[in-house]
Every structure is written in C-alpha cells, then in structure tokens.
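Enquirer: I would like to see how this sequence folds:
(2 chains)
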Amino acid sequence: MAELSYREAVAFGIAQEMRRDPSLVMLGEDIAAAGGVFKTTVGLLDEFGPARVRDTPISEQAILGAAMGAAMTGVPVIAEVMFSDFIAVCFDMLANEIAKSRYMTNGQVSFPMVVRTANGGGSRFGAQHSQSVENWCMMIPGLKVVAPSNPVDVVGLMAASIRDPDPVVFFEHKSLMATKAAIPDGEILDRLGEAAVVREGSDATIAALALMVPRALEAAELLARDGISAEVIDVRSLVPLDTRTILDSVAKTGRFFTVEENPRLCGWGAEVVSIVGEEAFWDLDGPSVRITTPHIPLPSAAALEDLALPSVDRIHETVLKSVDSGSRI
Amino acid sequence: MPTDPRYDYALRKPRLPGPVDHTLAEADIDIGVRLGMYRRLHELRQFGKRAHDLFLQNLVKGTTHLSLGMEAVATGFGSAMQPDDYTFATYRGHAHSLARGMELGPAMAELLGRENGILGGKGGSMHLTDVSRGMMGSYAIIGAHLCVANGAAWSAQMRRSGQVAVCFFGDGTTNIGAFHEALNLAKVWDLPVVFVCENNLYMEYTPIDLVTAVPNPAADRASAYGLESIIVDGNDPDDVYLHARSALDRARSGEGPSLIEAVTYRSGGHSRADPGKYRPPSEIEAWRQRDPIPIYHDRLLSLGTPEGDLSAIEREVAEAIDAATEFAKAGAEPGESSLMTEVYADGGSRWRN
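Expert: As a prediction, the model looks like this:
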C-alpha cells in the first residue's frame, strides 16, 4: 500500500500498463525528459526508454495523428495534449478522424488509444488554460470520456482506458494533482461506464465530476448539519455513462442536482438532467437543478475565478434552498 | 472596376505542361510492370468515367471527386509499393484505392450507397478504405491524414516491419498547418513515409499560384524540413514509378521521409458540382494533349508491345467496369440493421446503460 498523489498516480497507472504490454507507447510535449509540465509522467522515460516515451514538437495535430496512425496499425498509444484547452487546435483529429473512422469504414479500423489531458480551473491560469472541456468530447459519437476525481480512480481508470479498444479522452484535473490517497497493492483495473456512490443519502442526489466531487462531498457534510441527507455520485465516466446508478439514486431521494465545472450551456449535466427528466420524472419531488460555472470565459484573478466555479458554499446553498422550497410545495 | 489579370481567369496566362520525356522508354522498368500500369491507367480512367455517368443518372448521390487525367500518379505509386505498404488518400481517393487492388464492384457499390459497398454504404465516395489491401483510408478534411500517415509509419518503424506509408494529397493541402506539422515530425523521427503532392494547379476552384508564397507548392517547401526538392511528371507513369521506387527504397532502408511533387492536371472540375470554367481553354487543350493514357499507349507500342495486346487490356477493363456496375446496381439499399453498428469496437453504438 503506497500513498500517492493524483499526479503520481498518473505515472503509476501508465507504468503498470507499460510493464504489462511492451507494445504500449506514449508521446507528447515535454513528457519524456521533463516528466510532463504537471509532473504526471516522471520516471517513465527512465524505466521505458526514449523509443516508448517520446517527446514531440508543439504540434498537437501531429501528436494525435501519430497516435491515430499507430493505433490503427496495431500499436496501442497514449498521447498527451498538455492543456485540454489545446484540444481546440487538434479537434479535427479527435472529432472528425479518430472518432469517426471506425464507423465510416464499417468497422475496418480500431483505435486503442488514450488522449490524456490536463483539464479544469482553480489554477488562476485564465481563460485559455483553465477550461473544463469534457463536454466538447462527450458530444462526439465514437469517443469515450473519463474524468477521475481521486488517485485510486486515476490508476484504475487509466488501466481500463488503455485496455479499452476505443479512443478514450482521459481528463486529469489540474487542481486535484496534489491530493493524496493510499493505493492498494497489486494490479489495479477499474471499469469504464460505472459511476460511484461516494456518499449515501436519502433526501437529494448530487452528481459531480472530477474536482467537483470533493466539493460536493464537503457540501453534503454541511447539508447533513442542516438535516438534509445528500447522496453524492462521482460520475467518473461520461461515455459510457452509468445512468442506472443515477436513476436508482433519484428513485430513492426524489431530488436531483448536478455540479459541473463546464460553462452552463450544453454542459454534461444538461444531458443527465434530461435523462432524469425523461426516465425518472415520476420519482422527482421537485425540479432538477444544475450548479455550473456561468456562461463566461474563466477569469484569471483568484477572487473572480473562485466566484465563477461552483464552490462548496454555492453547492450547499443551492441544494439547501431548493430542497427547503421543494418541501414546502 | 479595372480588370485584374490575377483574378480574371479568362485573362490568366495558361500554365502549360512540359514536353514528354521520351527517354523514359529506356528506363529500367520491367515490361510486365508497364503492362500492369497500362491496365491500371485504364481501370482508373474507366472507373472515373463510369462514376461520372452514374452520377448523371442520379445513381451516385452526394458528390464525387474524380482523378480523370491524374491517373498516372496513383498508378505509378501503386505499382511500386509492396502489398503490405500503407496508402493514405484524400476524398479524391478512388484512383489510390483501386491502385492498391480494391475490388471494382465493392468500390462502385460504395459510391451507389449500397449494402455490398466496401464500407456498407457508411463512408461513400470520399472515404474508400480497404485495410486488407493496405488502403488505410480516404480522408475528407484537408491535412489531417498526413499526420495519420506519420503514425502508421511510426508504427512500422517500431515494429521493424519494413512497411512504408504513402500519403497522397493535393496542392491545396500545402497551405494548411497539418502539412507543416506532419513534415517536421516525419523528418525529426526519420519516419518511413512518402508524401506525394498531386499538384493539379488548382486548389479546388482557385489557381494554386494565387494563394501560395512559392511557385512549387510542395517542392519549394521541402528544404524547410531538410528534404530534397523533387518534382516529377505526374502524367507519366514511368517517371512516377521510378521516383516512387527510389523514395520507397529510401524509406525502407531507414533513410526517412520524402516529399514528391507530381505535376498533373484534372481534366474535369474539382467535384461533381464544378464544371471547371475558371481555366483558360488553351490550358485545358494543352494538358489534354498530355493525357497520360495515349502517351503511354504509344510508349508501349514503341517498346514492341503489339496493338492487339493493348486493345485486349482495354476491352478486359471495360468488361470489368461493366460487371462492377452491375454488381453495384444489384446491391440492396443498406437497412436499419447497420445504421447503429460499428461506432465502437464492440460493434455497436451504446453510450449508456
């Protein structure tokens, strides 16, 4: 049992898989000698050598293209896009080429590849290095989308993503990098498409992702003092999406909330809320409520960024107000 | 408004082809290879013409981008490549697909959107793919597939398989970022990849020289990536074949990538919707005189091939095209059962439980 930070868990999970599969390779900017700008790939060059851990130029299209071409010819690949904001400069690769080629060729090609990227706010990096863009990827048929909230999930979901025969976009949250957890001994392999109930409750269901999970848990603690028992679900995987766990929880609690770091319009929670509305309407005792970043680019100043992202207080107050008003109906 | 000869296409100076290099008849190319190339030229030409006819009959929907007039490039490369080499092509990819041996019937059926199409009707004219023959796909967004070809070449390099990736694209591609990203990485990693620019002088509807900083859109960029500047006669299968052979040899022996600019001409428009009226008539006529097929026909005659052998090839190809057309027309429309398949590797499209 080793205690690892989230950032160490990334390299730990990759190393587990590179030891298992000698054909697995990785590429990206500053990932080899520098160990990654977020130090998430430290030690991999030393253990696996420069042929398997490759530094690239600043060429995101070339990076994802190389990963795609290697994957479709039988070499599994992990590609890093340094900041998830940069997905915009190679979105053609992700959205048009990698995601669609299997369908367009009627199944002639597969893409066993993972695109890792540092996602999310809280680091005061401003509007071009802080975005939560998981919804950009969620909306593309053909991609799978994963966003772990803790070091153990980083290792297990990384292994599951690498072993998955489809392209997986793996969002590592910048503001979770320093969080620590004990990692069990032995091989760790999780499953994509399974949400986790990380706190049980009976009055309200709160679905959250990545950095929003610890915030939702803290808010649930405050709500408990108010006499509200909140169940918190870590969604973990947007595609495949575990709607069963969410719908079962809503059936139990009768209230549904999402906590999303993405800006409000077309955030992942909008899809989940619509599923709950269509399939669990008669279980609901009040409207579903989305707690999101507003529809703005993220500001840089700490005070402003803190106002923009869903905070523990905002989650607490929103759920409290909503459940209170619901109970008066 | 004053007339500007740069933009008034009727006033533009025509870009004329160079002379045929008749010394290529003496090149060291096996006569069997040459006859194979003659057959291939006809196959690509007749397939393209038939695709056009079927479009006019409303049997091919959507769009088609034909390689009529440009067949020598795909032919020369296809004949020089090993069976397990990789081809990456653009939406103008019929010729490059057939040049790897894709069967005519399933190719034609794909254009017709039929169940017996090579892609079951899911890809269509712009995405012909046959992985079993090393044809790794036709990509319809300019630039991306150069980066993907690098990946296949990287894979071959890591597996020490001796395979080479050949990537075809048009002159217009040389002005998009992915072209430059791909060339740089290919050189830095010494990848076994051959980039083939088919310079047909027009970026869709716009003369390429109007929108490009250098006269030779690919060859003049080669030096920026430490590559040799190579221009070949894209209307001469022998010239293409010889350059293809040496670039493939270089790649296979670990000497890294090549960039080849094959100068050629589209006898038709950019796509089905384009009659190509923006080109000076004298230019079209001059290039018509440089049509690769009659020139190659004469070369084979000069090498002693009997006319009867050549006309037999033409006849056999015509019969094969007819048979492919019948195969395609006989195919059923794809049904709902295939609509939701092959989004993910489990064969389905399930995104939730």
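Enquirer: what number of residues lie near B:Val214?
Expert: By other C-beta atoms under 10 Å in any protein chain shown, 11 other residues sit near B:Val214. Where you see a C-beta, it was placed from the backbone N, CA and C, and this is true even at glycine.
Enquirer: so who does it touch?
Expert: Contact analysis of B:Val214 by C-beta atoms under 8 Å, 6 or more residues apart in numbering or on different chains lists B:220-221.
Enquirer: and A:Asp234, its phi and psi?
Expert: phi -90, psi 110 (degrees, to the nearest 10).
Enquirer: name the nearest residue to whichever residue of the stretch 151-300 of chain A sits closest to chain B, ignoring sequence neighbours.
Expert: Going by C-beta to the nearest C-beta, chain B is nearest to A:Pro165 of the stretch 151-300 of chain A, at 3.6 Å. Leaving aside its sequence neighbours, A:Pro165 sits nearest to B:Ala345 (C-beta to C-beta, 6 or more residues apart in numbering or on different chains; 3.6 Å).
Enquirer: repeat that for B:Ser282.
Expert: Nearest non-adjacent residue to B:Ser282, counting by C-beta to C-beta, 6+ apart: B:Pro14, 4.9 Å away.
Enquirer: the one you found contacts B:Tyr265, correct?
Expert: No: using C-beta atoms under 8 Å, B:Pro14 is not in contact with B:Tyr265, being 10.9 Å away.
Enquirer: more neighbours, these two?
Expert: Higher neighbour count among B:Pro14 and B:Tyr265: B:Tyr265, with 26 against 14, using other C-beta under 10 Å.
Enquirer: mind checking what secondary structure the more buried one has?
Expert: Following DSSP: H, G, I helix; E, B strand; the rest coil, we place B:Tyr265 in the coil state.
Enquirer: which ones are touching it?
Expert: With C-beta under 8 Å, 6+ apart as the criterion, the residues that contact B:Tyr265 are B:17, B:69-70, B:200-201, B:235, B:287, B:290.
Enquirer: so which of the residues you listed sit within helices?
Expert: Mapping those onto helices (DSSP state H) picks out B:Trp287.
Enquirer: next, format the contacts of B:Tyr265 as CSV and append pLDDT, distance to B:Met37 and neighbour count.
Expert: As requested, those are exported to CSV (pLDDT from 0 to 100; distance: C-beta to C-beta, whole Å; neighbours: other C-beta atoms under 10 Å in any protein chain shown):
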residue, pLDDT, distance to B:Met37, neighbour count
B:Pro17, 94, 19, 18
B:Gly69, 94, 16, 23
B:Met70, 96, 14, 26
B:Asn200, 95, 20, 24
B:Leu201, 93, 23, 19
B:Asn235, 98, 13, 26
B:Trp287, 95, 20, 22
B:Arg290, 96, 17, 20
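Enquirer: near chain A, which of the contacts of B:Tyr265 show up?
Expert: By C-beta under 8 Å from any C-beta of the partner chain, no member of the contacts of B:Tyr265 lies near chain A.
Enquirer: and for the closest residue to B:Leu227 other than its chain neighbours, the neighbour number?
Expert: In space, and not counting its chain neighbours, B:Leu227 is closest to B:Leu259: 4.9 Å by C-beta to C-beta, 6+ apart. Burial of B:Leu259 is recorded as 26 neighbouring residues (other C-beta under 10 Å).
Enquirer: test my guess that B:Leu259 contacts B:Ala224.
Expert: No: counting by C-beta under 8 Å, B:Leu259 stays clear of B:Ala224, with 10.2 Å between them.
Enquirer: mind giving me the packing neighbours of the lengthiest helix in chain A?
Expert: Longest among the helix segments of chain A by residue count, using DSSP H, is helix A:312-328. In this structure, helix A:312-328 packs against strand A:204-208, helix A:212-225, strand A:256-263, strand A:289-293, with contacts taken as 3 or more C-beta pairs under 8 Å, 6 or more residues apart in numbering or on different chains; DSSP states H and E.
Enquirer: pLDDT weak spots in chain B?
Expert: For chain B, the stretches with pLDDT under 70 are B:1-3, B:5-7, B:9-10.
Enquirer: what does the stretch 151-300 of chain B put close to chain A?
Expert: With C-beta under 8 Å from any C-beta as the criterion, the stretch 151-300 of chain B meets chain A at residues B:151-156, B:158-159, B:165, B:177-178, B:181-182, B:184-185, B:188-189.
Enquirer: from the residues you listed, which ones fall inside strands?
Expert: Within those, residues falling in strands by DSSP state E are B:Ala165.
Enquirer: buried ones from the residues of the stretch 151-300 of chain B next to chain A, can you make that a ChimeraX selection?
Expert: The following ChimeraX line selects those of these that are buried, judged by 16 or more other C-beta atoms under 10 Å in any protein chain shown:
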select /B:151,152,153,154,155,156,158,165,178,181,182,184,185,188,189
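Enquirer: out of the residues of the stretch 151-300 of chain B next to chain A, name the ones that lie in helices.
Expert: Members of those lying in helices (criterion: DSSP H): B:151-156, B:158-159, B:177-178, B:181-182, B:184-185, B:188.
Enquirer: pull the most distant pair out of those residues.
Expert: B:Arg159 and B:Gly177 (28.8 Å; C-beta to C-beta).
Enquirer: all strands of the stretch 51-200 of chain A, in order?
Expert: For the stretch 51-200 of chain A, the strands defined by DSSP state E, counting those that start in this stretch cover A:53-55, A:77-83, A:113-119, A:144-146, A:168-173, A:180-183, A:196-199.
Enquirer: any chance of those strands in a markdown table, plus distance to chain B?
Expert: Below are the strands of the stretch 51-200 of chain A laid out as a markdown table (distance: least, C-beta to the nearest C-beta, whole Å):
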| stretch | distance to chain B |
| --- | --- |
| strand A:53-55 | 8 |
| strand A:77-83 | 8 |
| strand A:113-119 | 10 |
| strand A:144-146 | 8 |
| strand A:168-173 | 11 |
| strand A:180-183 | 27 |
| strand A:196-199 | 14 |
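Enquirer: could I get the ones you listed as CSV with mean neighbour count?
Expert: Shown next, in CSV, are the strands of the stretch 51-200 of chain A (neighbours: other C-beta atoms under 10 Å in any protein chain shown):
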stretch, mean neighbour count
strand A:53-55, 19
strand A:77-83, 25
strand A:113-119, 27
strand A:144-146, 27
strand A:168-173, 26
strand A:180-183, 16
strand A:196-199, 18
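Enquirer: so can I have TSV of those showing mean pLDDT?
Expert: Converted to TSV, those look like this (pLDDT from 0 to 100):
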stretch	mean pLDDT
strand A:53-55	98
strand A:77-83	98
strand A:113-119	98
strand A:144-146	98
strand A:168-173	98
strand A:180-183	98
strand A:196-199	98
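Enquirer: pipe those strands into CSV and attach distance to B:Ile29 per row.
Expert: Below are the strands of the stretch 51-200 of chain A laid out as CSV (distance: least, C-beta to C-beta, whole Å):
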stretch, distance to B:Ile29
strand A:53-55, 39
strand A:77-83, 39
strand A:113-119, 40
strand A:144-146, 49
strand A:168-173, 47
strand A:180-183, 63
strand A:196-199, 65
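Enquirer: of these, which is nearest A:Asp324?
Expert: Of all the strands of the stretch 51-200 of chain A, it is strand A:196-199 that lies closest to A:Asp324, at 20.1 Å by C-beta to C-beta.
Enquirer: any idea how far the closest one is from the middle of the chain?
Expert: In terms of C-alpha atoms, centre = their mean, to the nearest Å, the centre of strand A:196-199 is found 16 Å from the chain centre.
Enquirer: show me what counts as buried in the longest helix of chain A.
Expert: Residues of helix A:312-328 classed as buried by neighbour count (16+ other C-beta under 10 Å): A:312, A:314-316, A:318-320, A:322-323, A:326.
Enquirer: and the least confident of the residues you listed?
Expert: Within these, A:Gly326 has the lowest pLDDT, namely 60.
Enquirer: quick check: which element contains the residue nearest to B:Ser282?
Expert: B:Pro14 belongs to no helix or strand when assigned by DSSP states H and E.
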